[in-house]
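Visitor: take a look and give me a structure for this.
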Amino acid sequence: MKITGGLRNDQRKELVKALDQLEMPAKKRQRLLWRIAKLGVIAAAKRNQRNQTDPEGNAWPKRKRGKKKMLSGLVKVLHIREMPEIAAVRIYLKGGKYHSGGKPISAGLIGAVHQEGASITVNGGQIKNEQKDSNNKNDGGTVPSATKSQAKRLKRLGYKRWNGRRYVSVPVKVIEATMTYNQAGLLIRKLRGKPAKKTWHVEIPSRVFLGMSDDDFNKVLARQLQGINFGWNVKAQDIKGKQ
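Guide: Coordinates of the predicted model:
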């Protein structure tokens, strides 16, 4: 899957127009493109992630659970590939060690899903493979314990144990220490009286992180022209980008 982002079509046209007007030497032109990619587009992506907003300053859709900032890993694996043969640079994602269904998947695919949003169908077999893969990676091949959220859910569902005389409530810490992740999941399904789902749909909303607003683009272009000592007197307001 190809990730769409960076400069919009109108911004790219404005950049090409500016370069043509300046009659810049090929090497300096390539250097300018690299600086715009590194100090403009990638810097903007990191700022968007830090602020949890799209390039226009609109807040991303929030997490369904938790408050931890999103996409912190993706902006760390943005790279630049120089393509002087076509007078261009390419921004891509590589690394991160992402997995799904026990199989590695590219950072570019993860980035595209978050940039553009996606509707994904997950089946139970994939989850089992992920759990099996996780178990194999644990020290000594140990099975993961029940989580605190599972333990709390079992408590809410009325889970009790026989102590030899009567059924008693079980503390959260005891459930975590004595029950595996899969055992807790099975008990939760039984207590809820619902069969395990074979497939379910996951909707991932678009959270655009790669891109710049027109105002940012104009400032970056002017700043990087100054940075390579070409057009030292160029100001952001002199760049006639789309407003």
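
Visitor: need the contact list for the most centrally placed residue in the chain.
Guide: Most central in the chain under Cα atoms, centre = their mean is Leu71, positioned 3.5 Å from the mean C-alpha point. Contact analysis of Leu71 by Cβ atoms under 8 Å, 6 or more residues apart in numbering lists Gln49, His114, Arg207, Phe209. Any C-beta I mention is one placed from the backbone N, CA and C, and that applies to glycine too.

Visitor: how about it: what's its closest non-neighbour residue?
Guide: Gln49 (5.1 Å; Cβ to Cβ, 6 or more residues apart in numbering).

Visitor: then Lys160?
Guide: Closest residue to Lys160 apart from its sequence neighbours, by Cβ to Cβ, 6+ apart: Tyr167 at 4.1 Å.

Visitor: any idea how far the one you found lies from Asn58?
Guide: Per Cβ to Cβ, to the nearest Å, Tyr167 is found 52 Å from Asn58.

Visitor: comparing those two, which residue is more hemmed in?
Guide: Using other Cβ atoms under 10 Å as the criterion, Tyr167 and Asn58 rank with Tyr167 on top: 11 against 8.

Visitor: so how far is Asn51 from the residue of the chain positioned farthest from its centre?
Guide: Most distant from the centre of the chain: Arg165, at 51.9 Å, with distances by Cα atoms, centre = their mean. For Arg165, the distance to Asn51 equals 58 Å [Cβ to Cβ].

Visitor: mind picking out the helix or strand in this protein with the poorest mean pLDDT?
Guide: helix 124-137 (a mean of 53; mean pLDDT, DSSP states H and E).

Visitor: now the helices for this protein?
Guide: Remark: helices assigned in the chain by DSSP state H are 9-22, 26-35, 43-51, 107-116, 124-137, 148-156, 172-178, 181-192, 214-227.

Visitor: and the shortest one, what does it pack against?
Guide: If I follow you right, that is helix 172-178. helix 148-156 (3 or more Cβ pairs under 8 Å, 6 or more residues apart in numbering; DSSP states H and E).

Visitor: would you mark the buried spots in the helix it packs on?
Guide: Within helix 148-156, the residues scored as buried using 16 or more other Cβ atoms under 10 Å are Gln150, Ala151, Arg153, Leu154.

Visitor: okay, those in a markdown table with distance to Lys38 and pLDDT next?
Guide: Converted to a markdown table, these look like this (distance: Cβ to Cβ, whole Å; pLDDT from 0 to 100):
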| residue | distance to Lys38 | pLDDT |
| --- | --- | --- |
| Gln150 | 44 | 93 |
| Ala151 | 47 | 94 |
| Arg153 | 46 | 92 |
| Leu154 | 50 | 94 |
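
Visitor: quick one: which two of these are the most distant?
Guide: Spatial extent of the buried residues of helix 148-156 (Cβ to Cβ) is set by the pair Ala151 and Arg153 at 7.3 Å.

Visitor: show the buried residues in the contacts of Leu71.
Guide: By neighbour count, with 16+ other Cβ under 10 Å, the contacts of Leu71 hold Gln49, His114, Arg207, Phe209 as buried.
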